[in-house]
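Trainee: I would like to see how this sequence folds:
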Amino acid sequence: MEKLSKQQINEFQQKEAELDSLTDDRYKLDNYIELAQDVTLCGNESELKLLKERDWARKLLVKAEQFAIDFFDYKQLADAIAFGDILGEWITSEWIIDGDNNRALYEGVSVSKNDKDWSRKLYKKAEKLLVELEDEWIANEMLNLATSIDQLYNYFPVFIEKDVEKDKKWALNLRANAVKIFLKNIKVNPEKATIEQVIDAYVKLDK
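Mentor: Numbering: from 1, shown residues only. Prediction:
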């Protein structure tokens, strides 16, 4: 596995210093996230992250969080943390899946519980900011948020059942609320909606 070259390190350090000194905060969140991606994706295969590179990228994402303002900012940052492209680690692991000591093999990207918990906090902040969106956008973005939360248990360690159940319930509630909002927007009482109306609302939202 190749490490970052001295030239790359110097280049990224210079970019970070330039970002730190910018007085215009509008694009800092995007730029810190982009730099974190560069740090972990350059110099080695994308699925294999060096510990030193991940630590540097994590510090950049911490800086990015300072400039999160609205729903889209918090969701974008949470996605960057949760999806494993930046902070994930490629692993091969075996674990017991039931009481009979049957074992399963996992080979793929692992996102640490600490990083997942960090992204959960950011998703919660994003959820609270949904109300600031235009009415016609809330239902769609609520559904998009649920899809992002689904990703939390797509990456190892998926066997933390308590977390998985909470995430699934959270995503399900968001989808249910999104459908209710959509129905209200088309002047249908969610409490009196038929099954066909509910299904049609979800299909239209999920396009």
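
Trainee: Do you have the strands of this protein handy? List them.
Mentor: For the chain, the strands defined by DSSP state E cover 89-96, 103-110.

Trainee: who's in contact with stretch 194-203?
Mentor: Outside stretch 194-203, the residues within contact range by Cβ atoms under 8 Å, 6 or more residues apart in numbering are 175, 179, 182, 183, 186, 188, 193. Heads up, the C-betas are built off the backbone N, CA and C, glycines and all.

Trainee: Would you list the buried entries among the residues you listed?
Mentor: Those of the contacts of stretch 194-203 that meet the buried threshold are 175, 179, 182, 183, 188, 193, by 16 or more other Cβ atoms under 10 Å.

Trainee: Select from the residues you listed every entry located in helices.
Mentor: Here DSSP state H is the test, and those give 175, 179, 182, 183 as lying in helices.

Trainee: could you check the distance from residue 153 over to residue 188?
Mentor: Residue 153 sits 32 Å away from residue 188, going by Cβ to Cβ, to the nearest Å.

Trainee: phi, psi of residue 25?
Mentor: Residue 25 adopts backbone torsions of phi -90, psi 0, taken as degrees, to the nearest 10.

Trainee: per-residue confidence at the closest residue to residue 116 other than its chain neighbours?
Mentor: Setting aside the residues directly before and after it, residue 116 is nearest to residue 152 in space (Cβ to Cβ, 6 or more residues apart in numbering), at 5.7 Å. pLDDT recorded at residue 152 is 85.

Trainee: how much space between residue 152 and residue 163?
Mentor: 8 Å.

Trainee: neighbour-wise, which of those two wins?
Mentor: Set residue 152 next to residue 163 and count neighbours by other Cβ atoms under 10 Å: residue 152 wins out with 24 against 17.

Trainee: which residue ranges form the helices in the protein?
Mentor: Applying DSSP H to the chain gives helices spanning 6-21, 28-41, 51-65, 71-82, 113-128, 135-150, 161-185, 195-205.

Trainee: most packed of the ones you listed?
Mentor: Using mean count of other Cβ atoms under 10 Å, the stretch among the helices of the chain with the greatest mean number of neighbours is helix 71-82 (a mean of 23).

Trainee: Show me what that helix is packed up against.
Mentor: Under the contact definition 3 or more Cβ pairs under 8 Å, 6 or more residues apart in numbering; DSSP states H and E, helix 71-82 sits against helix 28-41, helix 51-65, helix 113-128, helix 135-150.

Trainee: neighbouring contacts of that helix?
Mentor: 29-30, 33, 36-37, 61, 64-65, 67-68, 86-87, 111, 115-116, 118-120, 122-123, 125-126, 129-130, 132-133, 141, 144-145, 148, 151-152, 155.
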